[in-house]
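**Student:** fold the following and give me the result.
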Amino acid sequence: MTRRKPGTRGDELLLARISAAAGREHIGKRHATYAVIAHTHRTAAVPVRLVRRLRAFVRYGRPSVPKGSADARLDLYERGLTIAVKGRIHVVRYDTTSVFQLSTRHPPDASHGAAARSYLLVDAKGERVVLRGRPEVGDAEEWGPEIRRAVIHAQLPWSWAALGKGGRLTFGDVWLTEEEVGSGGMSARWPQVRRIELENDAIRLHINGNWHTLGPTVSHIPNVFVFFLLAERLRAGGRRS
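**Tutor:** Residues are numbered from 1 along each chain as shown. Below is the predicted model of the structure:
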């Protein structure tokens, strides 16, 4: 974790602005601060070129930073986080945000600390911010899993309750209910699903002896780590038992 010294007047003013923004969203107490690289993206969809460039950096170490990226400050709080980049303060609430993992190598749940090093998050105003770990620091292995754990803690209970009331939850183009899972024209009832895995950045279901790819790549599925936990519970017969 990067610890910042009180130091300059500018640092004090920035901290005051961050604290004020966090207070307005009632996200609790600050407990960690990190130095990251951030980029604000205003379009409604996850930019394909940006996803590819960030994947290339994580997999091959290419020093390719998307245009507009800058050094930024990430502060983690009890119920959310703040990102200070280019003079702006973005506040993200764990209970309402969508998090896109832009690079994965293992099943994207909170227990896999090395699953991703680049993320796109939706802030409280609906703006999208890309976070990337600083290679020379290497602490994305700390803040990445912490963000995933916090979002799971905030969103899993109400998601599970919604399914129990007959709800249908959507994760981008992927959806699930208490009875089924699907995407596009493909769907399956949970008793048919023997296994669910991540392979080549895609979700795959083992159904009646065959493997089927579910939806788009993981990088385009919001809160995919929440989806995986719900899916595993339902596949194992959670509600039906």
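
**Student:** which residues does the closest residue to residue 24 other than its chain neighbours bridge with?
**Tutor:** Closest residue to residue 24 apart from its sequence neighbours, by Cβ to Cβ, 6 or more residues apart in numbering: residue 91 at 7.5 Å. Where C-beta positions appear, they are placed from N, C-alpha and C, glycine not excepted. On the basis of DSSP bridges, residue 91 is bridged to residue 82.

**Student:** ok, residue 91 - contacts?
**Tutor:** If you count contacts by Cβ atoms under 8 Å, 6 or more residues apart in numbering, residue 91 has them with 21-22, 24-25, 27, 80-82, 123-124.

**Student:** the closest residue to residue 80 other than its chain neighbours: what's it in contact with?
**Tutor:** The shortest distance from residue 80 to any non-neighbouring residue, by Cβ to Cβ, 6+ apart, is to residue 27 (3.4 Å). Contacts of residue 27 were listed using Cβ under 8 Å, 6+ apart, and they are 77-82, 91, 93-94.

**Student:** just checking, what packs against the longest helix along the chain?
**Tutor:** Identified as the longest helix of the chain according to DSSP state H is helix 140-164. When contacts are defined as 3 or more Cβ pairs under 8 Å, 6 or more residues apart in numbering; DSSP states H and E, helix 140-164 sits against strand 30-41, strand 70-77, strand 99-101, strand 118-122, strand 128-133, strand 169-171, helix 224-235.

**Student:** and it, how far out from the chain middle?
**Tutor:** 9 Å (Cα atoms, centre = their mean, to the nearest Å).

**Student:** and that helix, what's its mean pLDDT?
**Tutor:** For helix 140-164, the mean per-residue pLDDT is 96.
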